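Visitor: Everything below, folded, please.
(one chain, ligands or ions: 1)
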Amino acid sequence: MCGIIGYTGGRPAATLLIDGLKRLEYRGYDSSGIAVLDGEKLTTVKTVGKIAELDKKANGGKDVIGTVGIGHTRWATHGVPSDINSHPHVSANGRFAVVHNGIIENYAELKSELIAKGIPFASDTDSEVIAQLVQYLYDGDMLTTLREVCARLVGSYAVGLISTDDCGTLYATRKDNPLVVGLGRNENFIASDFAAALEHTHDFVQLGDGEIARLTPSSVTFYSSNGVRIEKTPFRVDWDISQAEKGGYPHFMLKEIYEQPKALTDTVRPRVKGSSIVLDKIALDTRNANLIEKIDIIGCGSAYHAGIVGKYFIEKNCRIRVNCELASEYIYSNPITDSRTLTIIISQSGETADTLAALRLAKKLGSHTIAIVNVVESAIAREADDVLYTHAGPEIAVATTKGYTTQVAALYLVGLKIAKLKHTLSDARYAELLDGILALPQQVRAQLDDVAGIKKYAKRFAQHKCVFFIGRGTDYAASLEGALKLKEISYIHAEAYAAGELKHGTISLIEEGTVTLALATQRALFYKMLSNIKAVQSRKGTVLAVASAANSEVSEFTDGMLVIPDCDDDLSPVLSAVVLQLFAYYVAAERGCDIDKPRNLAKSVTVE
Ligand code: BG6
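Guide: Okay, the predicted model is just below:
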């Protein structure tokens, strides 16, 4: 996913932009560039490859003079990664430089129209069409020009723009793609996310869809999509830049695994008042809880897996039918939903295009929507009817860890709240689950203090070509996330299966040495799981159990065991997740993989 940074102030822009881009590297990219204005002189430096290449090409910023500029990291969608396809794109007349994140779906039509009018193009990208369209429509007033340009664009965009006619000024606009404005002292910023500007300011404004921001060193003015000046309320981002740094860990992913006790505490604790659960401003009361006929939980990747854990928890404890859907499937499935369906949208970034589209569709069909999101003021957070933030802090590693476990914890809170409102649990069982949820952070803390066993098995199995994850009930849900974590960062083929399904096909793949991780935390299903484990072993498969100390007898039937603390069966996926995150991490470390930035993956996919 692309990254944008823009600056206008009194300091040299080039080094600020390059440093800002470095903080966006985690988003995944294949090229980068900056454009800086010095009076009417526009200098652009851009290159395929890492930002270190850009730094070198710009001679550390020394060769690029000026105090206003834009920068970009590109994750190619249209046009191969190359110098010329990198951003910023400059208009044919050399007066406008643009950076863009998103996809312009009607770029081909616009491009041929502009070429027919004599405007030449230099790149194969969709983004360049924005720079050329600005040139074509520019009437001396950038605000009206930008509005006209946006009216012609179909697709998604976050755009930064500078112009030789307007030196010192930086423009920004967006639709379906994140862009924040950072408010400094006699300097102002635009950025795809806070991390790029957090070193310079903690005060931000989220730009809304269709809105335009005009930034000078001393002022920022906002305009609605119809050109009316509007006031926006700044908010403070209390993440300090060190949170977005690795904090001494070898990888962001390990740092974020170790941040889970705090992330879970910050997500759960503020919502528990005595024996009551207070879900911020979410409109859940006895009346509307009893009107819920079904719940749809929608997400992508790990967010979807959190939703499946939520499904098991809510169906068991609230006795409501829960349907968990992949966002990319939901949006084209002509979903059966209406005002009697509660839709829970899950997204760490709050910007995933498929998930945002699912949210919009559910709303359009009359369903009340609750978003469980980590990034404040993200698109999904702002468009859902209600939002329950996971306070996990910035998650930089592409493979989510604390984002996932806090999503699960948030779903537990929602489920328990609904169970309370519908009286589907005895007071004692309600109290037991609430205490169990409150205990999760310190149980995770205990797990993190002793990872020797996990490291041992990770080292032992790191060179295997294929690993199976099996489980029953909520252990099956947890196994899905375990398999994805291993795939994502170690590139080992891993598959999760409902343990009862093994005999219906998969077991044909089990042979001597095949590794199977068997999640066996559910007491009620323990002996069923044992028979599945024995079935694997009887075919000479190697089985590593994941179970609590209470089920430690399973170790008599397996080749090893990863122990999780004793906890309520309904809550074990959080603890299993920590074990399987660490297992994946140490396997990937053993294999020398690029753990924070796995190949082909992006932290959040803001294009369909
Ligand atoms: C994928 C990420 O691109 O998107 C996954 O690699 C993530 O880690 C998924 O779970 C959904 O992202 P989000 O931000 O909507 O939770």
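Visitor: Please make it C-alpha for all contacts and neighbour counts, starting now.
Guide: Noted.
Visitor: So which residues of the stretch 401-550 of the chain form strands?
Guide: If you assign secondary structure with DSSP state E, counting those that start in this stretch, the strands in the stretch 401-550 of the chain sit at 466-471, 493-498, 515-519, 542-548.
Visitor: Next: the stretch 251-400 of the chain.
Guide: In chain order, the stretch 251-400 of the chain shows strands spanning 272-273, 276-277, 294-299, 321-326, 341-347, 368-373, 386-389, with DSSP E, counting those that start in this stretch as the criterion.
Visitor: nearest to the ligand, of the ones you listed?
Guide: strand 341-347 (3.5 Å; Cα to the nearest ligand atom).
Visitor: Could you check the angle the closest one makes with strand 294-299?
Guide: Between the axes of strand 341-347 and strand 294-299, defined by axes from the mean of the first three to the mean of the last three Cα atoms, to 10 degrees, the angle is 20 degrees.
Visitor: pLDDT averaged over strand 341-347 - what is it?
Guide: Mean pLDDT, strand 341-347: 98.
Visitor: What parts of the stretch 201-350 of the chain come near the ligand?
Guide: C300, G301, S302, A303, S347, Q348, S349, G350 (Cα under 6 Å from any ligand atom).
Visitor: Now do the third one, the pLDDT please.
Guide: Same thing as S302. S302 carries a pLDDT value of 98.
Visitor: Now do the SS call for D165.
Guide: Reducing the assignment to helix, strand or coil with DSSP: H, G, I helix; E, B strand; the rest coil, the entry for D165 is helix.
Visitor: I'd like to know how far the residue lying closest to A392 once chain neighbours are set aside sits from the ligand.
Guide: By the measure of Cα to Cα, 6 or more residues apart in numbering, the closest residue to A392 outside its immediate chain neighbours is A263, 4.4 Å from it. Here the criterion is Cα to the nearest ligand atom, to the nearest Å. By it, A263 lies 15 Å from the ligand.
Visitor: Check S218 too.
Guide: As it turns out, when the distance is counted by Cα to the nearest ligand atom, S218 lies 34 Å from the ligand.
Visitor: tell me the contacts of the closest residue to that residue other than its chain neighbours?
Guide: Once flanking residues are discounted, S218 sits nearest to N186: 4.9 Å by Cα to Cα, 6+ apart. For N186, the set of contacting residues under the criterion of Cα atoms under 8 Å, 6 or more residues apart in numbering consists of G9, G10, P217, S218, S219.
Visitor: Taking those, tell me the two that lie furthest apart.
Guide: G10 and S219 (12.9 Å; Cα to Cα).
Visitor: returning to what we had before: could you turn the buried ones of the contacts of N186 into a ChimeraX selection?
Guide: Paste this into ChimeraX to select the buried members of these, with burial taken from 16 or more other Cα atoms under 10 Å:
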select :9,10,217
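Visitor: Can you tell me which of the contacts of N186 is closest to L484?
Guide: Proximity of these to L484, judged by Cα to Cα, is greatest for G9, which lies at 44.2 Å.
Visitor: Where does the prediction get shaky in the protein?
Guide: Counting by pLDDT under 70, the ranges of the chain that qualify are 1, 27-28, 77, 242, 244-248.
Visitor: Those residues of it touching the ligand, which are they?
Guide: Within the chain, the positions near the ligand by Cα under 6 Å from any ligand atom are 300-303, 347-350, 352, 398-400, 601-605.
Visitor: again, only this time at 5 Å
Guide: For the chain, the residues in contact with the ligand (Cα under 5 Å from any ligand atom) are C300, G301, S302, A303, S347, Q348, S349, T352, A399, T400, K603, S604.
Visitor: okay if I get these as TSV plus neighbour count?
Guide: TSV is the format used below for these (neighbours: other Cα atoms under 10 Å):
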residue	neighbour count
C300	24
G301	17
S302	24
A303	27
S347	32
Q348	30
S349	22
T352	26
A399	28
T400	23
K603	21
S604	19
